[in-house]
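A.B. asks: let me see the structure of the following:
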Amino acid sequence: MDRLMRVSGEIAGRFHVTGVHEGRSRQGGHFLRLGLTDGGSIINAYAFPHGCRGYRRLRQGERICLRGDVRRRDGRTEILCREIESEDPAPRVAWARVRIRLMLCWIGHAPLRSFLNAVFSDPAIGPAFTDRPASIAHHHAFPGGLLVHSVEVAWRVFRESLSAEDKALVVAAALLHDIGKTRTYTNEGRRTPLGDALEHEALTLEILAVHLARLDRDWPIGGRRLRLLLTWRSGPETRLPPDALIELVRTADRLSARFDLGEEMSRPEVVGAPSDL
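C.D. replies: Numbering: from 1, shown residues only. This is a model prediction of the structure:
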């Protein structure tokens, strides 16, 4: 994106929508002003109903394929959109559904497998986990985004070389690290009243309480370790040092979010740009 700030020409690429503003031109026509990023800088783009194929109201957090023209206006670089197509998240959701089944089948530790199956079968948890976004206007901000993000994090740690017990625990922690978002977000990408009052981390143990109690009975050590993985935070009040498995989950979490925001996207092609850039 940074090179777009210095060039003009035709552009085609994939972008993450960081902001949406609806306005009216001096002639009274409607238009959209979009904030777009491909993982680098943010650039403004403008779309007009009669000049942009696929024109419609977009949401913050959407990923789009765009064709348009890069131009300079009032000393600023911007994009005039000619075609917009939203990416369909359905293939990513389908990928996540397959991967989570594979990981749950792989877990050979009976108490932990039973715990996870009970969590995702819980009508108060399972449907929301598969339908909620992972954020309002940041990464994975689409219905099903929470499932996709959680499985991406779990799939990364699943491929690490660990003992079977540690791998099972870290996969469980990865799948459940954002479970509080089932209560703080709606399917439509808004905060719930509870989400307005609390951050999602404050709800993790409450949501899992019944299922953790059963895990405590069946596997007390595992119950304690999973709680640590789900709730450990650095700070002066922290009693225990960070578990190495915590860092695996945190790293996978950051990578999943960064990649969804555009760093894995193909960079935009600029046609007619100076050859020395």
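
A.B. asks: is residue 88 in a helix, a strand, or coil?
C.D. replies: coil (DSSP: H, G, I helix; E, B strand; the rest coil).

A.B. asks: what's the neighbour count on it?
C.D. replies: 10 (other C-beta atoms under 10 Å). Using the backbone N, CA and C atoms, a C-beta is placed for each residue, glycine as well.

A.B. asks: secondary structure element holding residue 13?
C.D. replies: Using DSSP states H and E, residue 13 falls within strand 9-24.

A.B. asks: centre of the chain to whichever helix or strand comes after that strand, how far?
C.D. replies: Counting by DSSP H and E, the next helix or strand C-terminal to strand 9-24 is strand 30-37. Centroid displacement of strand 30-37 relative to its chain, using C-alpha atoms, centre = their mean, to the nearest Å, is 21 Å.

A.B. asks: just checking: what are the partner strands of strand 30-37?
C.D. replies: In the sheet, strand 30-37 lines up against strand 9-24 (antiparallel), strand 42-47 (antiparallel) (DSSP bridges).

A.B. asks: buried residues in the longest one?
C.D. replies: Of the residues in strand 9-24, those buried under the neighbour-count criterion (16 or more other C-beta atoms under 10 Å) are 11, 13, 14, 15, 16, 17, 18, 20.

A.B. asks: just stretch 97-117 next, same as before
C.D. replies: 99, 100, 103, 104, 107, 109, 111, 112, 113, 114, 115, 116.

A.B. asks: among the residues you listed, which one lies nearest to residue 219?
C.D. replies: Distance to residue 219, by C-beta to C-beta, is smallest for residue 111 among the buried residues of stretch 97-117, at 3.9 Å.

A.B. asks: hang on, that closest one packs against residue 216?
C.D. replies: No - the criterion here is C-beta atoms under 8 Å, and residue 111 misses it with residue 216 at 9.6 Å.

A.B. asks: next, the residue nearest in space to the middle of the chain: phi, psi?
C.D. replies: The structure's the chain has its C-alpha centroid closest to residue 140; by C-alpha atoms, centre = their mean the separation is 2.6 Å. Note on residue 140: its backbone torsions stand at phi 50, psi 50 [degrees, to the nearest 10].

A.B. asks: check residue 179 too.
C.D. replies: phi -60, psi -20.

A.B. asks: residue contacts, it?
C.D. replies: 119, 125, 129, 200, 203, 204, 207, 208 (C-beta atoms under 8 Å, 6 or more residues apart in numbering).

A.B. asks: low pLDDT regions in the stretch 1-150 of the chain?
C.D. replies: Across the stretch 1-150 of the chain, the stretches falling below the confidence threshold (pLDDT under 70) are 1-8, 39.

A.B. asks: now do the helices in it.
C.D. replies: Assigned by DSSP state H, counting those that start in this stretch, the stretch 1-150 of the chain shows helices spanning 90-106, 110-121, 126-131, 145-158.
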